[in-house]
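K.L.:
A predicted structure for the sequence below; I have some questions about it.
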Amino acid sequence: MCVLLISGKSKEAEIKRINKELANIRSKFKGDKALDGYSKKKYVCKLLFIFLLGHDIDFGHMEAVNLLSSNRYTEKQIGYLFISVLVNSNSELIRLINNAIKNDLASRNPTFMGLALHCIANVGSREMAEAFAGEIPKILVAGDTMDSVKQSAALCLLRLYRTSPDLVPMGDWTSRVVHLLNDQHLGVVTAATSLITTLAQKNPEEFKTSVSLAVSRLSRIVTSASTDLQDYTYYFVPAPWLSVKLLRLLQCYPPPEDPAVRGRLTECLETILNKAQEPPKSKKVQHSNAKNAVLFEAISLIIHHDSEPNLLVRACNQLGQFLQHRETNLRYLALESMCTLASSEFSHEAVKTHIETVINALKTERDVSVRQRAVDLLYAMCDRSNAQQIVAEMLNYLETADYSIREEIVLKVAILAEKYAVDYTWYVDTILNLIRIAGDYVSEEVWYRVIQIVINRDDVQGYAAKTVFEALQAPACHENLVKVGGYILGEFGNLIAGDPRSSPLIQFNLLHSKFHLCSVPTRALLLSTYIKFVNLFPEIKTTIQDVLRSDSQLKNADVELQQRAVEYLRLSTIASTDILATVLEEMPPFPERESSILAKLKKKKGPGTVTDLEEIKKERSSDMNGSAEPTSVNASAVSTPSPSADLLGLGAAPLTNSAPPPSSSGSLLVDVFSDSASAVAPLAPGSDDNFARFVCKNNGVLFENQLLQIGLKSEFRQNLGRMFIFYGNKTSTQFLNFTPTVICSDDLHFLKQFLCLNLQTKPVDPTVDGGAQVQQVVNIECVSDFMEAPILNIQFRYGGTFQNLSVKLPITLNKFFQPTEMSSQDFFQRWKQLSNPKQEVQNIFKAKHPMDAEITKAKIIGFGSALLEEVDPNPANFVGAGIIHTKTTQIGCLLRLEPNLQAQMYRLTLRTSKEAVSQRLCELLSEQF
């Protein structure tokens, strides 16, 4: 049959041949004549082959189960193979299969035990874990178990622990399994190491005795000759994969406390570094791959321990040799590892010696991912001694950088320029150059920051005004440069007005020549600059009034511009010189304040990214004066723009209440910690219903009672989001001590110290006047998939009575959806790939709302996925696809909604690569129909 299918002339011919064969197999199974074991095996094998060709198989399962009771290896093997591939955990046959597996495990026949263990691991269902999770550890640590069975048992237990960790009991066997690291059979040691590493990540105390045993085994491997471990030597490298696993196991623990063990481990690491310097024993790539795998894992352990200066420096020097290696992957790994080494106080100077090589890689490297790692390394190795050189090189690279990494480079240049500036004129030049080169990628936080610093430094104000005036004379200026120019000239244009080349009228004409090319927010800022000019330069007052009086301003279609023009014109006409000077006085310096993130990290050194650690371990006295934010522009108190976040969220200043800040068009930057409130009230009545309404929308009223109204406006992009929360006082009495707090429950944590959601909240004014509204901004970063939503707790005093209420904040996993367009072929190909029972969640439910097709489409699109037209063979069904973006991974998602109008029911099927994600998305979407 295989030969006939391979030589088939067309798809139709193949289907015809398969249908004929299926009919034949079906007749054989149903025939009166009983089939012998060989025939049954042959036909089950054919069914398996047909399934692997992509055709559905709906019979033959019972025959495959019957093969499990055979005493012949080949028949039992085909039976287990069929079950592993075609039987899911919900099958009615699972009990019969479990009985057959139990019989084979109890047979003590190593071949049959191996087949049974492989089947358990391949299926890996919760039912399998419930049935065998208590039995497999006994087989693993039994003294009479064959080595091959021990290997299979260890890997089978590892599979069950990964799928159902709550069903694998910790008991006496845990202390005995550690001693498998001393087993004579290296295959058993390799399998046991994988198991112990996974278990130790969740239960480090129970497996801490494995450290000394792992060091002992590693020492024997690295000091042995390739001939000593002949069966496990791979291209002259003794047991490389076991070495890698042992080194990873040791990374679950701090450096050993026992001096003897610690000395032996140091000796092992030195030996690995020494072997890396030896000439290769083979020119084949397999030899270098195995050798480098052990080396890089050893360097990862050295970095993890961060306690041996000599080893850290040697590791840095070894990585430096790879920076010019012809193999791209090695260059990439070397740059990535050196980024982490740069954060260590012991190896930072050694990393800096390779600066020229890294800069050269930035200029000449073809692979964009390697160039990005080079940027990361330059950022990590930067300090006061090399800041100007590194910033200059990053600016040069920015002109030709890939669009995908420009925004990241802009932010890094801005941080380095501020962090290490000793000459503020250099800082101003750098930021203006940044805007010129990559203005589209300069977020509002960056140019807000340069304005803050210029206002706080008297010695740089004149230079900034002169520099920005010259920059604006270019024929084409980016809009961000116009914003900076408008703000600085409006405040300090008088400092350069004495030069005839930059007289008041020339300054005004220069700015006004850009007016018609700018967006509405920038025009609003320029109008504020014009009224500032009325105060600074009375001699051009008439010219400015003519502009404000023009129809294009007074009758502007935009209400904001029209109102500003009317109010500014009136202000310039009726106000005396003294009143103008008071209303339009120069912006006062912003209060000096340390970075909120760095202050928290100094108190509690938390884990983070490479750049987070680098900020902690390197020089910290880097904040320049001023980290508060400019206030917003309005007619009664004229200044310029209002940022919604400090540069990289490094200073969380309170938001002003005069006007809501504009949404940032740049990167949404978030805090890595959030403060928790105490005495949290239970959820307010109706909170769950309101929460459900926000699953498929981002704006609206979240909560309302007789005192308070809470409104939301949200925006999300990939794994980042920003939420504006509006608190309205519905009474005529002030709210006092008004304190809203966003609280992340324990369910939003993973690995104990990490948050699945990073939230940064800005404090609000503690007093809310009667009838007034205040706004709070929450910046959001999705680090990993999460199930529970944060809680918003609001506490305040009203008329002497303490008020305390809580509502669910609608930050749900689907908010980080990015829709994905797919063809019908691609959709169903991917649908079949996600066929593991753990990857699919299905829900059949009664419709709660009228079954309107257009409303259903709108809800699926609002849920975040792309609505795929003409994909499902049934036009009444709805099909969607998208990708959940988190900081740590991307999770593809396919959904299918099948309405039954007659029964008024739906069947919703979700398939993703993670069971928990499928379950959560199914729960959220089911509530919408």
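P.N.:
Ah, there it is.
K.L.:
count the neighbours of the closest residue to S502 other than its chain neighbours for me.
P.N.:
Excluding the flanking residues, the one nearest S502 by CB to CB, 6 or more residues apart in numbering is I496, at 4.6 Å. Glycine gets a C-beta too; all of them are placed from N, C-alpha and C. Residues contacting I496 under the criterion other CB atoms under 10 Å number 23.
K.L.:
quick check: I496 vs N690, distance?
P.N.:
Look at I496 and N690: by CB to CB, to the nearest Å, they are 55 Å apart.
K.L.:
what about V871, which helix or strand?
P.N.:
Of the helices and strands defined by DSSP states H and E, none includes V871.
K.L.:
number the residues from 530 up from this point.
P.N.:
Sure thing, new numbering starts at 530, so read that last one as V1400.
K.L.:
for it, grab phi and psi.
P.N.:
phi -100, psi -50 (degrees, to the nearest 10).
K.L.:
pretty sure E1399 contacts Q1354?
P.N.:
No: taking contacts as CB atoms under 8 Å, E1399 lies outside contact range of Q1354: 12.0 Å.
K.L.:
picking that back up, the residue nearest to S1031 and T996 touch, don't they?
P.N.:
No: I1025 sits out of contact with T996 when judged by CB under 8 Å, with a separation of 9.8 Å.
K.L.:
pLDDT value on S1203, please?
P.N.:
pLDDT, S1203: 34.
K.L.:
for V751, same thing?
P.N.:
Model confidence at V751, given as pLDDT, is 88.
K.L.:
and V1400, how many neighbours?
P.N.:
20.
K.L.:
now it: how far from G1411?
P.N.:
Relative to G1411, V1400 is positioned 14 Å away (CB to CB).
K.L.:
do the same with S1079
P.N.:
Counting by CB to CB, the gap from S1079 to G1411 is 48 Å.
K.L.:
looking at those two, which is more packed in?
P.N.:
Neighbour tally, S1079 and G1411, criterion other CB under 10 Å: the higher count belongs to G1411, 25 against 13.
K.L.:
my guess is R1251 contacts V1306. True?
P.N.:
Yes: look at R1251 against V1306 with CB under 8 Å: they come within range, at 6.7 Å.
K.L.:
now the strands for the stretch 530-679 of the chain?
P.N.:
Using DSSP state E, counting those that start in this stretch, the stretch 530-679 of the chain contains no strands.
K.L.:
try the stretch 1330-1458 of the chain
P.N.:
1330-1337, 1346-1348, 1369-1375, 1395-1397, 1407-1414, 1419-1429, 1434-1441.
K.L.:
which outside residues touch the second one?
P.N.:
So the one you mean is strand 1346-1348. Residues from elsewhere that reach strand 1346-1348 (CB atoms under 8 Å, 6 or more residues apart in numbering): 1247, 1390, 1392-1395, 1409-1414, 1422.
K.L.:
and if you look at the last one?
P.N.:
By CB under 8 Å, 6+ apart, the list of residues contacting strand 1434-1441 from outside reads 1360, 1363-1364, 1368-1376, 1413, 1420-1429, 1447-1448, 1450-1451, 1454-1455, 1458.
K.L.:
what distance do you get for the residue nearest to T857 when sequence neighbours are not counted to D931?
P.N.:
Of all residues not flanking T857 in the chain, D896 sits nearest, at 5.4 Å (CB to CB, 6+ apart). Distance, D896 to D931, using CB to CB: 11 Å.
K.L.:
L1249 now?
P.N.:
L1249 is 20 Å from D931, by CB to CB.
K.L.:
compare those two (neighbour count), which wins?
P.N.:
Set side by side, L1249 and D931 show more neighbours around L1249, with 19 against 11, by other CB under 10 Å.
K.L.:
correct me, but that one touches E1310?
P.N.:
Yes: contact status for L1249 versus E1310: in contact at 5.7 Å, counting by CB under 8 Å.
K.L.:
just the buried members of the contacts of strand 1434-1441?
P.N.:
1360, 1363, 1368-1370, 1413, 1420-1428, 1447-1448, 1450-1451, 1454-1455, 1458 (16 or more other CB atoms under 10 Å).
K.L.:
okay but T1051 is in contact with V1013, surely?
P.N.:
No: counting by CB under 8 Å, T1051 stays clear of V1013, with 10.6 Å between them.
K.L.:
what do the two both touch?
P.N.:
Between them, T1051 and V1013 share no contacting residue under CB under 8 Å, 6+ apart.
K.L.:
poorly predicted segments of the stretch 580-729 of the chain, please.
P.N.:
Across the stretch 580-729 of the chain, residues meeting the criterion (pLDDT under 70) sit at 618-620.
K.L.:
show me where the stretch 980-1129 of the chain has helices.
P.N.:
Under the criterion DSSP state H, counting those that start in this stretch, helices of the stretch 980-1129 of the chain are mapped to 987-1001, 1008-1021, 1033-1044, 1049-1065, 1070-1078, 1080-1083, 1088-1103, 1106-1112, 1125-1132.
K.L.:
need the winner for burial among the ones you listed.
P.N.:
Highest mean neighbour count among the helices of the stretch 980-1129 of the chain (mean count of other CB atoms under 10 Å): helix 1008-1021, with a mean of 25.
K.L.:
same question for that one, mean pLDDT?
P.N.:
On average, helix 1008-1021 scores 91.
K.L.:
so what's the gap between it and the chain middle?
P.N.:
35 Å (CA atoms, centre = their mean, to the nearest Å).
K.L.:
put the alpha carbons of it into PDB.
P.N.:
Taking Å, rounded to 0.1, in the frame of the first residue of the first chain, the C-alpha atoms of helix 1008-1021 are listed here in PDB:
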ATOM      1  CA  GLU A1008       7.700  67.300  14.600                       C
ATOM      2  CA  ASN A1009       9.400  66.300  17.900                       C
ATOM      3  CA  LEU A1010      12.100  68.900  17.200                       C
ATOM      4  CA  VAL A1011       9.400  71.500  16.600                       C
ATOM      5  CA  LYS A1012       7.900  70.600  20.000                       C
ATOM      6  CA  VAL A1013      11.200  70.900  21.800                       C
ATOM      7  CA  GLY A1014      12.000  74.200  19.900                       C
ATOM      8  CA  GLY A1015       8.600  75.700  20.700                       C
ATOM      9  CA  TYR A1016       8.900  74.900  24.400                       C
ATOM     10  CA  ILE A1017      12.500  76.100  24.800                       C
ATOM     11  CA  LEU A1018      12.200  79.200  22.700                       C
ATOM     12  CA  GLY A1019       9.000  80.100  24.500                       C
ATOM     13  CA  GLU A1020      10.800  79.900  27.800                       C
ATOM     14  CA  PHE A1021      14.300  81.100  27.000                       C
END
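K.L.:
so which elements touch that helix?
P.N.:
With contacts defined as 3 or more CB pairs under 8 Å, 6 or more residues apart in numbering; DSSP states H and E, the packing partners of helix 1008-1021 are helix 953-967, helix 973-985, helix 987-1001, helix 1033-1044, helix 1049-1065.
K.L.:
of all these, which lies closest to A660?
P.N.:
helix 973-985 (55.8 Å; CB to CB).
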